[in-house]
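Participant: when you get a sec, could you give me coordinates for this:
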Amino acid sequence: MLTAFLIVSILILVSLLVINSHQARQTANGPDSTWAGAPPRDGSRGERSRPSVWHLRIPANSAEFFTPEPLLADRVYRLTFSGTFAYRAVLLGRNSADAVFKCDAGGNYKVRHACLLVEDHCASKYLDLWSEHRANHVYTGVIDGYGMPIAIRFQTLNGHPCSRGITAKVELLPEGTPTVASRREAAEAAAEAAKEEARKAEAFKAEEARLAAERHKQQWEQHQQKRKEEKRQAAEAAREQADAAAEAERQRALDENVMRLVVRMHHNRNFLDDQFCEQYVRQQQTELLAKKTDWMADYHSIMHHSELVEALKNRAPEVLEWLERRVEMLNLAERLSVFPPELALQFKDRRITGRTIWYVEQAVSRLFQLRQQLDEWHEQEVLSGFDSRRRQEMKGALRVMDFKFEFLKMYGITASTPEEAEDRFVEICPVQPVSTLYEKLWSASQQVRPSVRMQCRIGWKTYSGRKSFFKPNAAA
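Facilitator: Okay, the predicted model is just below:
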């Protein structure tokens, strides 16, 4: 038994050595590549045409093999893989495989593998129109040429290179054969068309269902609309009656308001007399200003009632005149509170003279003082917040400034700021230069008689030579 086991072991080792030596020779010599109409091995092509079929021997050793020539662009090639081979399995066992399957434990080609690669992609997934004939161990697919050779390789099974392999047939299909890209585009277009048809069918069904539901809804809405219309007509009739009653009530209230205003105007019709209004404002100024809030509230409440105003224009326009006259009386009272009546009567055109220039200068200076005081009050309000007493003082200062501007206007100085008032005052009364002491003495000397001036000069010379006091007036 031991002898038989040793003999079998020796035979297995010899077989493995022979297989490895054959694989080494195959790797050194390159693949067995033949093709119809192939050029000579020296590379000379001669006059022969491009071949249409190539046969490549692809061993299962992970080596990459290229087609002898680039594939024509925009042409279709069929790749056919056939044949089986034996390879060494695990634990010195042997197994068989073809281009797509390898044997299972029962020796059936049912275990799919992905060792056959075309352009580094699994052939069964990369090639188009892939077909499998497992009984004959023949597998076909098509590919488009793109002007470059394609690479085919068979990866090792279980990590053991094998010199045996499969046969790859590369066949150029007739011109005019639809390309893979065109078929895919056509298939995509057909799929899209089928989707579109299905979508249209679904849309048609949905439209039919929608129309049916819409008809049912329309009938229901018509019924509801009819009921609503009946209710609306009843409500419209009730609303018209209510509107008529409200309109009558509104007209009655409008007539009452017009009559009330006419009666008030009639009791105060003296306000339509200009002389009475002027004397009333002068004598009742304080009481009139106290009524400002009530009078202005009456004015706004009436003027904001457009319908009442229109009725007054048509039926009692004297009421509107009476209201406007009250506003004018309030304005006149406010003006007289700032400009007293005595000064208002004396506000006439004046001119600047030697006696009045001082008052004009004081008025301009007062404007600057008041503005400075207003700036200080504003600063205090920013720091300490609002103060009603300070705000009253600020309003009083503003009224005084308005009075000063009106005062300067009488002298022909029209301005809105202290700077403008000062500039206008300088234009009317230019600043006279102040004479020095020497200029005053020289001007006074020009008024003395020439003989006296000569005596003065002679006396000064005599005084300078004799060193004695000399009085020119005594010599004269």
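Participant: what segments of the stretch 301-450 of the chain are helices?
Facilitator: Chain-ordered helices for the stretch 301-450 of the chain, with DSSP state H, counting those that start in this stretch as the definition, fall at 306-315, 317-338, 341-346, 357-384, 388-410, 418-428, 437-445, 450-466.
Participant: quick one: mean pLDDT over the fifth one.
Facilitator: Per-region confidence: helix 388-410 scores 88 on mean pLDDT.
Participant: what does the shortest one give?
Facilitator: Confidence for helix 341-346, expressed as mean pLDDT, is 48.
Participant: repeat for the fourth one
Facilitator: Throughout helix 357-384, pLDDT has a mean value of 91.
Participant: measure the residue nearest the centre of the chain to L370 for me?
Facilitator: The residue lying closest to the centre of the chain (C-alpha atoms, centre = their mean) is V382, at 38.4 Å. Using C-beta to C-beta, to the nearest Å, V382 is found at 19 Å from L370. The C-beta positions use only the backbone N, C-alpha and C, and glycine is treated the same way.
Participant: now V309
Facilitator: From V309 across to L370, the span is 42 Å (C-beta to C-beta).
Participant: equivalent analysis for P59, please.
Facilitator: In this structure, P59 and L370 are 115 Å apart, going by C-beta to C-beta.
Participant: ok, residues contacting stretch 195-207?
Facilitator: Under the criterion C-beta atoms under 8 Å, 6 or more residues apart in numbering, not a single residue lies in contact with stretch 195-207.
Participant: pull out the buried residues from that stretch.
Facilitator: Of the residues in stretch 195-207, none is buried under the neighbour-count criterion (16 or more other C-beta atoms under 10 Å).
Participant: can you give me the strands for the stretch 151-300 of the chain?
Facilitator: Listed in chain order, the strands of the stretch 151-300 of the chain (DSSP state E, counting those that start in this stretch) span residues 151-154, 165-172.
Participant: let's have those strands in TSV, adding distance to H216.
Facilitator: Written out in TSV, the entries for the strands of the stretch 151-300 of the chain read as follows (distance: least, C-beta to C-beta, whole Å):
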stretch	distance to H216
strand 151-154	66
strand 165-172	65
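Participant: can you redo those as a markdown table with mean pLDDT and distance to E318?
Facilitator: Conversion of the strands of the stretch 151-300 of the chain to a markdown table gives the following (pLDDT from 0 to 100; distance: least, C-beta to C-beta, whole Å):
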| stretch | mean pLDDT | distance to E318 |
| --- | --- | --- |
| strand 151-154 | 94 | 112 |
| strand 165-172 | 93 | 115 |
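Participant: so H113 sits right up against K102, yeah?
Facilitator: Yes - assessed by C-beta atoms under 8 Å, H113 is found in contact with K102 at 5.5 Å.
Participant: ok, back up a step: when P59 and L370 are compared, which one has more neighbours?
Facilitator: Taking neighbours as other C-beta atoms under 10 Å, P59 and L370 compare with P59 leading, 22 against 17.
Participant: what's the distance between the spatially closest residue to that one that is not a sequence neighbour and A63?
Facilitator: Counting by C-beta to C-beta, 6 or more residues apart in numbering, the nearest residue to P59 once its immediate chain neighbours are dropped is G165, at 3.7 Å. Separation of G165 from A63 (C-beta to C-beta): 9 Å.
Participant: those two - which one has more neighbours?
Facilitator: More crowded of G165 and A63, by other C-beta under 10 Å: G165, with 27 against 18.
Participant: residues contacting the more buried one?
Facilitator: Applying C-beta under 8 Å, 6+ apart, one finds that G165 lies in contact with 57-61, 83, 85, 154.
Participant: could you rerun that using 7 Å?
Facilitator: Neighbour list for G165: 57-60, 85, 154 [criterion: C-beta atoms under 7 Å, 6 or more residues apart in numbering].
Participant: now these: which count as buried?
Facilitator: Restricting these to buried positions leaves 57-60, 85, 154, with burial counted as 16+ other C-beta under 10 Å.
Participant: TSV please, covering those and showing secondary structure and distance to V319.
Facilitator: Rendered in TSV, the data for these read as follows (DSSP: H, G, I helix; E, B strand; the rest coil; distance: C-beta to C-beta, whole Å):
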residue	secondary structure	distance to V319
R57	strand	122
I58	strand	117
P59	strand	121
A60	coil	118
F85	strand	122
F154	strand	115
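Participant: redo those as a markdown table? Include distance to T67.
Facilitator: Written out in a markdown table, the entries for those read as follows (distance: C-beta to C-beta, whole Å):
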| residue | distance to T67 |
| --- | --- |
| R57 | 13 |
| I58 | 12 |
| P59 | 16 |
| A60 | 19 |
| F85 | 21 |
| F154 | 15 |
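Participant: distance of H137 relative to T80?
Facilitator: H137 is 11 Å from T80, where distance means C-beta to C-beta.
Participant: regarding G107, what is its secondary structure?
Facilitator: Per DSSP: H, G, I helix; E, B strand; the rest coil, the secondary structure class of G107 is coil.
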